[in-house]
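Trainee: the following block contains a protein sequence and its predicted model.
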Amino acid sequence: MYGAAGLVAELAWTGVRGRPRTSLWMLPVYGLAQLAFEPVHDALRARPAGLRAGAYAVGFTAVEFSAGRAFRKLRGGAPWDYSQARLHLDGLVRADYLPLWACAGLAFEHLHDALT
């Protein structure tokens, strides 16, 4: 479910920006989010939304960076390249996406609750 939700969200986000696209390589990345996301959500459930959102933004960004590094090592490149963005780190993550990841984490809380 997380993998499919991630692909749909990515298609929606890139579609709003003019060119809907994703990569099937992202399915396992989004799917594996369940392993880290659900325990973090359970641990932070009673905390204020701002704190939870911040934790999700940092966590998702760390996963995106790590996955990108792994893709580069295994495939020679990541399915995404942010090197043209103004605020990027090694072309793998964007600082201006932190609010997006924060909102995604809060949205995934509802998915997690619906699935459990």
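Mentor: Structure received.

Trainee: what are the ranges of the strands in this structure?
Mentor: For the chain, the strands defined by DSSP state E cover 88-89, 93-94.

Trainee: what's the last one in contact with?
Mentor: Contacts to strand 93-94, defined as Cβ atoms under 8 Å, 6 or more residues apart in numbering, come from residues 61, 64-65, 68, 82, 85, 87-88. In short, each C-beta sits where N, CA and C put it, glycine included.

Trainee: still on that earlier bit, which of the strands of the chain sits most buried?
Mentor: Scoring the strands of the chain by mean neighbour count under mean count of other Cβ atoms under 10 Å gives strand 93-94 as the most buried, with a mean of 20.

Trainee: about what we covered before: mean pLDDT added to the strands of the chain, as CSV?
Mentor: CSV is the format used below for the strands of the chain (pLDDT from 0 to 100):
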stretch, mean pLDDT
strand 88-89, 97
strand 93-94, 97
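
Trainee: figure out which of those is closest to A107.
Mentor: Checking the strands of the chain against A107 by Cβ to Cβ gives strand 93-94 as the closest, at 18.7 Å.

Trainee: sounds good, over and out.
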